[in-house]
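Here is a sequence together with a model predicted from it:
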2 protein chains.
Amino acid sequence: MDIGILTIGNELTSGRISDTNSALIARLVRAEGWSVAAMLSVGDDEAAIRDGLAFLLARSEAICATGGLGPTADDITTASVARAFGLPLVRDEAVLAHVRGLFAARRLAWTENNAKQADFPEGAEVIANPTGTAAGFALRRQGRIVAVIPGVPAEARRMLGEGVIPLFRRAFPDAALYVETATFKLFGIPEAAVDAALADADLAGLGVAVGFYPNFPENHLVLTVRTASAAEAAPKMREGMRRVEARLGKHIFARGDETLAAICAALLTERRLTLGVAESCTGGLISDRLTDVPGSSAFLERGVVTYSNAAKQGLLGVPAAVIEAHGAVSAETARLMAEGVRRLAGTDLGLAVTGIAGPAGGTEAKPVGTVHIALADAATTIARHFAFRWDRRRNKVMASQCALMLLLGYLRGEATDGG
Amino acid sequence: MDIGILTIGNELTSGRISDTNSALIARLVRAEGWSVAAMLSVGDDEAAIRDGLAFLLARSEAICATGGLGPTADDITTASVARAFGLPLVRDEAVLAHVRGLFAARRLAWTENNAKQADFPEGAEVIANPTGTAAGFALRRQGRIVAVIPGVPAEARRMLGEGVIPLFRRAFPDAALYVETATFKLFGIPEAAVDAALADADLAGLGVAVGFYPNFPENHLVLTVRTASAAEAAPKMREGMRRVEARLGKHIFARGDETLAAICAALLTERRLTLGVAESCTGGLISDRLTDVPGSSAFLERGVVTYSNAAKQGLLGVPAAVIEAHGAVSAETARLMAEGVRRLAGTDLGLAVTGIAGPAGGTEAKPVGTVHIALADAATTIARHFAFRWDRRRNKVMASQCALMLLLGYLRGEATDGG
């Protein structure tokens, strides 16, 4: 089955934002065993929407369109689609009541233009939006189906998985193959090296498709098996996973939807270990990632962002003489920060990062991107040194990743003091 | 002048990578005062390339296509474009010598499939590739122009600036307009209310286009004026901005590319004020945002993530009796956290947040999303109470936003203790 993707919005045709919805939809379509005929982006313009629909309808059995469903005057997708098919708009009272309810619950003032979000082309099936006010809809015409959802990526992601894809599956039952996917999350290996490592794995010969999805600073690898039945898929997927693990095992830190912070959190919680975090160049990002995990208060006793030397001394007990002798960015300071936050927080573990995020602050001996990370328990302190070459934000993200990877390695009994 | 954008590659239609070239081209096109008619992505498939060209040629004066110019078997763009226009391929000996020279200079083994990169449709103008082996080309047909360049973003970027855009300018000298844009960043007002507030502003009548770009938790508003000259644009833009500011001024916190954290950082640095931050439910996100600004060490003395009550007592001096009486999530605790971090960090200001991010931890009296924020200086402490209704991550983002907005209001002399 061929799918057409239509993304709608002046923010796309003006280049103000890159279209990420099309790639997301394409990945979901591919995981179902379907193909993408074409991906088209047009502005908030009725003629362009009409022509785009016609172009895609001539080349696909189903269309997924996103964007232009909001309450404002430039949101014209619903009306444009209705007119393209010669259908009147009909107000859905249940949707209207739902939108009004959301406004009341969030204590937002109601303005009448929001009612527009309850108007749909006659005969359309409503696609619920569990996280926002703009519902989507699907229309069936001449054996084809057109689904329209909002362009906000977080809303689109959920409505695709819960609404659009199941709807396409039901509409085209013959196109549904059994599809099984497996995701590996890798860190510390570039995409090209992943590709090279798999060169002799012959996954294609096995009937296992492989997709690469860079997600800075991680690389995600997705195996997909399409067969007529689950029984047929299972041995192929098992063997495919075995071949990947044999070649890339040491770079795989997670499987499926697990995040690095969530895996660390689960291990800490399960083993009833508590943690204190001391951050300099990451500026709170490690604590932020750990506290994105529900229930993180079970293990995270405190975090400190010791940006100044006074804070490193006062909050963590790093002696001024050590900072004087080795510098605030040094293995010695990182070790004492980790030990200090552990001691002062009274936790089982102390994790610390100090470094130079840039763009200024580098020297010849310690260029921008120099980062020291340390992890202390009651018995010992492990330290690591890194030299990153990214911009400020990505240096922060990379440092937080390496700190959490060190913690994960420790929790899995793999980390030793390699310097 | 309308431009069509065609990006070609199976890596796009499979969702393996997001198309960033289209947005890049659109931004360059817009900066010239031209418009983008549509952006289309198709796979490495001759029929799809042919149909895509036809669709775009019917809607634009010029097409910029990227991708599929490499040496491998799946790179079929040049041959497909040639056949779409009924043209034979002709080898360009100068380009061939150049490509061979690059291989020699980089000490790469020559393989004969690389010669393909010197083949172009008859009559095409070669577009030089200063950084790679695949040259681009441009074809003129029936008053229209089709430019084709490689898909590698770094190569495309340079060839667009040095080759394609100048070529379009020369081909359509009358199409150059002057374009001016202005961005407002708003907070605390839903998109629909922004739209409603501008309903009587008649920006369209003034010749000022307005675009809404939600960027949780902010709403961005972009005004665009297209005229023949800068002199003509200036008064329209001035009046358009005046009308927006008159209606939405109190919700506008930034203009242009400024971020909330960067504005706070600039004001703190300029006034030589230092800051300590104490976070509970935001988990380090406020410090993370502030430290994304280069040079933040000038004002950020320290941050603490006091997730436990022990940390609130030990690091910030919040008395156990206060937490006992009012709860860790209370205005009283927030005030004492702000005062505590200020005193202990020895800073001019102390900013504190305590709340319940969810999904668990809520009670009837203090549901998930309850957040208290406080800001202390030497003389007084301001506190604010919020009730958010989002998921965990968005409650964190919203709380960090409100805390930085409180700081900004204070620095601008607008914040008073409203409770």
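Right, received. Where do you want to start? Here the structure is a predicted model, which means the values were calculated and not measured.

Contacts only, for the residue lying closest to A:N21 once chain neighbours are set aside.
For A:N21, the nearest residue in space outside its immediate sequence neighbours is A:T66; the separation is 4.8 Å by C-beta to C-beta, 6 or more residues apart in numbering or on different chains. C-beta: built from backbone N, CA, C; applies to glycine. Residues in contact with A:T66 (C-beta atoms under 8 Å, 6 or more residues apart in numbering or on different chains) are A:6-8, A:21, A:25, A:148-151, A:156.

Let me have those in a markdown table, adding secondary structure and pLDDT as columns.
Output for the contacts of A:T66, formatted as a markdown table (DSSP: H, G, I helix; E, B strand; the rest coil; pLDDT from 0 to 100):
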| residue | secondary structure | pLDDT |
| --- | --- | --- |
| A:L6 | strand | 98 |
| A:T7 | strand | 98 |
| A:I8 | strand | 97 |
| A:N21 | helix | 94 |
| A:I25 | helix | 96 |
| A:V148 | strand | 98 |
| A:I149 | strand | 98 |
| A:P150 | coil | 96 |
| A:G151 | coil | 95 |
| A:A156 | helix | 94 |
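
List buried residues within those.
Buried members of the contacts of A:T66, scored by 16 or more other C-beta atoms under 10 Å in any protein chain shown, are A:6-8, A:21, A:25, A:148-151, A:156.

could you dump those residues to CSV with distance to A:T381?
Shown next, in CSV, are the buried ones among the contacts of A:T66 (distance: C-beta to C-beta, whole Å):
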residue, distance to A:T381
A:L6, 56
A:T7, 51
A:I8, 55
A:N21, 46
A:I25, 48
A:V148, 56
A:I149, 51
A:P150, 49
A:G151, 49
A:A156, 45
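
on that earlier part again, looking at the contacts of A:T66, which is nearest A:F137?
Checking the contacts of A:T66 against A:F137 by C-beta to C-beta gives A:V148 as the nearest, at 5.6 Å.

Could you list which residues are in contact with the residue nearest to the closest one when sequence neighbours are not counted?
Of all residues beyond its chain neighbours, the one nearest A:V148 is A:A65 (4.6 Å), with distances taken as C-beta to C-beta, 6+ apart. Residues counted as contacts of A:A65 (C-beta under 8 Å, 6+ apart) are A:5-8, A:53, A:77, A:81, A:146-149.

go with 10 Å
A:4-8, A:21, A:25, A:40, A:42, A:49, A:52-53, A:56, A:77, A:80-81, A:136, A:146-149, A:151, A:164 (C-beta atoms under 10 Å, 6 or more residues apart in numbering or on different chains).

Show me what from the stretch 51-200 of chain A comes close to chain B.
Contact residues (C-beta under 10 Å from any C-beta of the partner chain) of the stretch 51-200 of chain A with chain B: A:51-52, A:54-56, A:58-59, A:70-75, A:102-103, A:105-117, A:131-133, A:151-152, A:154, A:191.

Give me the buried entries from those residues.
By neighbour count, with 16+ other C-beta under 10 Å, these hold A:51-52, A:55-56, A:59, A:70-75, A:103, A:108, A:111, A:113-117, A:131-133, A:151-152 as buried.

Now the element after the host helix or strand of A:G101, going C-ward?
Per DSSP states H and E: A:G101 is located in helix A:93-105. Remark: after helix A:93-105, the chain's next helix or strand is strand A:119-121, criterion DSSP H and E.

Tell me the one of the contacts of A:T66 nearest chain B?
A:I25 (7.2 Å; C-beta to the nearest C-beta).

Run the chain-centre distance for stretch A:295-315.
Offset of stretch A:295-315 from its chain centre (C-alpha atoms, centre = their mean, to the nearest Å): 27 Å.

For that stretch, list the C-alpha coordinates in PDB.
This file holds the C-alpha atoms of stretch A:295-315, laid out as PDB (Å, rounded to 0.1, in the frame of the first residue of the first chain):
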ATOM      1  CA  GLY A 295       9.500   8.800  40.900                       C
ATOM      2  CA  SER A 296      13.000  10.100  40.800                       C
ATOM      3  CA  SER A 297      12.700  11.400  44.300                       C
ATOM      4  CA  ALA A 298      13.200   7.800  45.400                       C
ATOM      5  CA  PHE A 299      16.900   8.000  44.600                       C
ATOM      6  CA  LEU A 300      17.800  11.600  43.800                       C
ATOM      7  CA  GLU A 301      18.600  13.200  47.100                       C
ATOM      8  CA  ARG A 302      20.000  16.500  45.700                       C
ATOM      9  CA  GLY A 303      21.800  18.100  42.900                       C
ATOM     10  CA  VAL A 304      24.100  21.000  43.000                       C
ATOM     11  CA  VAL A 305      25.200  23.300  40.100                       C
ATOM     12  CA  THR A 306      28.500  24.500  41.400                       C
ATOM     13  CA  TYR A 307      29.300  27.000  38.700                       C
ATOM     14  CA  SER A 308      31.600  29.100  40.900                       C
ATOM     15  CA  ASN A 309      34.800  28.000  42.700                       C
ATOM     16  CA  ALA A 310      33.300  29.300  45.900                       C
ATOM     17  CA  ALA A 311      30.300  26.900  45.400                       C
ATOM     18  CA  LYS A 312      32.700  24.000  44.700                       C
ATOM     19  CA  GLN A 313      34.500  24.800  47.900                       C
ATOM     20  CA  GLY A 314      31.500  25.700  50.100                       C
ATOM     21  CA  LEU A 315      29.000  23.100  48.900                       C
END
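
can you pull the buried residues of it?
A:296-309, A:311-315.

How about stretch A:322-336?
Buried, per 16+ other C-beta under 10 Å, within stretch A:322-336: A:322-323, A:327-336.

for the stretch 1-150 of chain A, what spans make up the helices?
Along the stretch 1-150 of chain A, counting by DSSP state H, counting those that start in this stretch, helices occupy A:10-13, A:21-31, A:46-57, A:77-84, A:93-105.

Send over the second one as PDB, restricted to the C-alpha atoms.
So that's helix A:21-31. Output in PDB follows, covering the C-alpha atoms of helix A:21-31 (Å, rounded to 0.1, in the frame of the first residue of the first chain):
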ATOM      1  CA  ASN A  21       6.400  15.100  10.900                       C
ATOM      2  CA  SER A  22       6.900  13.700   7.400                       C
ATOM      3  CA  ALA A  23       9.900  11.600   8.500                       C
ATOM      4  CA  LEU A  24       8.000  10.500  11.600                       C
ATOM      5  CA  ILE A  25       5.000   9.400   9.500                       C
ATOM      6  CA  ALA A  26       7.300   7.700   6.900                       C
ATOM      7  CA  ARG A  27       8.900   5.700   9.700                       C
ATOM      8  CA  LEU A  28       5.500   4.500  11.000                       C
ATOM      9  CA  VAL A  29       4.300   3.700   7.500                       C
ATOM     10  CA  ARG A  30       7.400   1.700   6.800                       C
ATOM     11  CA  ALA A  31       7.100  -0.200  10.100                       C
END
